[in-house]
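Engineer: Show me how the following folds:
(one chain, ligands or ions: 1)
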Amino acid sequence: MDDMTNPSVIKRYAQAHGFYLKKSMGQNFLIDGNIARRITNAACLSENDYVLEIGPGAGALTQYLINDAKHVFAVEMDSFACKILQEAFSGADNLTIINQDILKCELTDLLKDISGRIVCVSNLPYYITSPIIMKLLKSRISFESIIVMLQKEAAMRLRAKPGTKDYSSFTIAVEYYAQTQFLFDVPKSVFMPVPKVDSAVMKLSPRKQPFVDVKDVGLFFDVLKAGFAMRRKTLANCLNTALGIDKIDIVRILGDMGLEPACRGEKLTIQQFALLSDKIYGLIEEKKLD
Ligand code: SAM
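Structural biologist: Down below sits the predicted model:
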């Protein structure tokens, strides 16, 4: 089988199928076989496992995944890349190529008949890193793990601690659903074309139960979003603007939680956001009775 991390092989297939690299689709193809192997090894696959691969491109990871897993479902938006995959892996009967936008893909339908562990592996299209990760975590599919290569900056957001500049609503939203583990750095020189920044590989292990228990999950995420919407404003101002809650009420709630009236969202831990959202929930219920 051809090595789909070899630039001249990729170029040969590309020419044959009218494929050209598209920046708009975040196409930075991995051209280092050792790194492709390290990423797929991180999935710890056995021959009974199923894989969802997002954005297989020319098949840098796919070539290893089909060797290690029972079946690979590869969702690729670029129809020309799909033609490359069809030719390169024509002999593989355990690969299903789905020419679709992952954000529009009904994952539960796609993976409905599977009885076995499902792992997601992806060198993510960088321009939609957060929506893809949130889609996977919110889906009703119990992924054993999610192994993703993402830009360094996005990896830093996943690993950020409260009060740091990288700490964001994305950090907390992911923490709610999964444990995150940094695996290794990847230099930008191993991609074609070479991107502006380095990458990193991370493992997300979805939790059996969310990290915090909240009365209203929708409200918790609204509070989270509001808390980071305007970084230069106080949390009380943000909640007032985004959710229309009286500032006096918010300041009282913050005081009850031992927080300063002028505190900012980026200082709060996930547990504090959970408590805050439950207290706001209580306030809304109280007001309904008035
Ligand atoms: N896996 C390949 C590799 O490691 O060389 C390619 C990775 S490249 C960073 C991202 C891939 O995601 C591209 O093949 C791109 O066409 C595909 N892609 C971009 N947006 C997508 C979407 N919305 N749904 C599915 N695939 C997408």
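Engineer: For the closest residue to the ligand within the stretch 151-290 of the chain, give the beta-bridge partners.
Structural biologist: Per Cβ to the nearest ligand atom, Phe191 is where the stretch 151-290 of the chain lies closest to the ligand, at 7.5 Å. For glycine as for every other residue, the C-beta is placed from the backbone atoms N, C-alpha and C. Under DSSP bridges, the beta-bridge partners of Phe191 are Leu30.
Engineer: Find the nearest non-adjacent residue to whatever residue of the stretch 51-200 of the chain ends up closest to the ligand, please.
Structural biologist: Residue nearest to the ligand within the stretch 51-200 of the chain: Gly55 (2.2 Å; Cβ to the nearest ligand atom). Counting by Cβ to Cβ, 6 or more residues apart in numbering, Gly55 lies nearest to Pro125, which is 5.1 Å off, once chain neighbours are set aside.
Engineer: Tell me which residues touch the one you found, please.
Structural biologist: The neighbours of Pro125, taking Cβ atoms under 8 Å, 6 or more residues apart in numbering as the test, are 25-27, 54-55, 77, 132.
Engineer: Can you tell me the element the residue nearest to the spatial centre of the chain falls in?
Structural biologist: Closest to where the C-alpha atoms of the chain average out (Cα atoms, centre = their mean) is Ile133, at 2.0 Å. In this structure, Ile133 is located in helix 129-138 according to DSSP states H and E.
Engineer: Please identify the buried residues of that helix?
Structural biologist: 129-130, 132-133, 136-137 (16 or more other Cβ atoms under 10 Å).
Engineer: One more: stretch 256-275?
Structural biologist: Those would be 259, 263-266, 268, 270, 272-275, for stretch 256-275 by 16+ other Cβ under 10 Å.
Engineer: Between the two ends of it, how far is it?
Structural biologist: Length of stretch 256-275, first residue to last, Cα to Cα, to the nearest Å: 10 Å.
Engineer: re earlier: show me what contacts the residue of the stretch 151-290 of the chain closest to the ligand?
Structural biologist: If you count contacts by Cβ under 8 Å, 6+ apart, then Phe191 has 28-31, 199 around it.
Engineer: Please list which of those also come close to the ligand.
Structural biologist: 28-30 (Cβ under 6 Å from any ligand atom).
Engineer: any chance of those in TSV, plus pLDDT and neighbour count?
Structural biologist: Formatted as TSV, the ones next to the ligand among the contacts of Phe191 follow (pLDDT from 0 to 100; neighbours: other Cβ atoms under 10 Å):
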residue	pLDDT	neighbour count
Asn28	98	23
Phe29	98	20
Leu30	98	21
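Engineer: List the residue ranges of the stretch 1-150 of the chain that fall below the pLDDT cut-off.
Structural biologist: The stretch 1-150 of the chain contains no residues with pLDDT under 70.
Engineer: just to revisit the earlier point, before we move on, which element is the nearest residue to the residue nearest to the centre of the chain once chain neighbours are set aside in?
Structural biologist: Spatial nearest neighbour of Ile133, chain neighbours left out: Val174 (6.4 Å); criterion: Cβ to Cβ, 6+ apart. Assigned by DSSP H and E, Val174 falls within helix 169-177.
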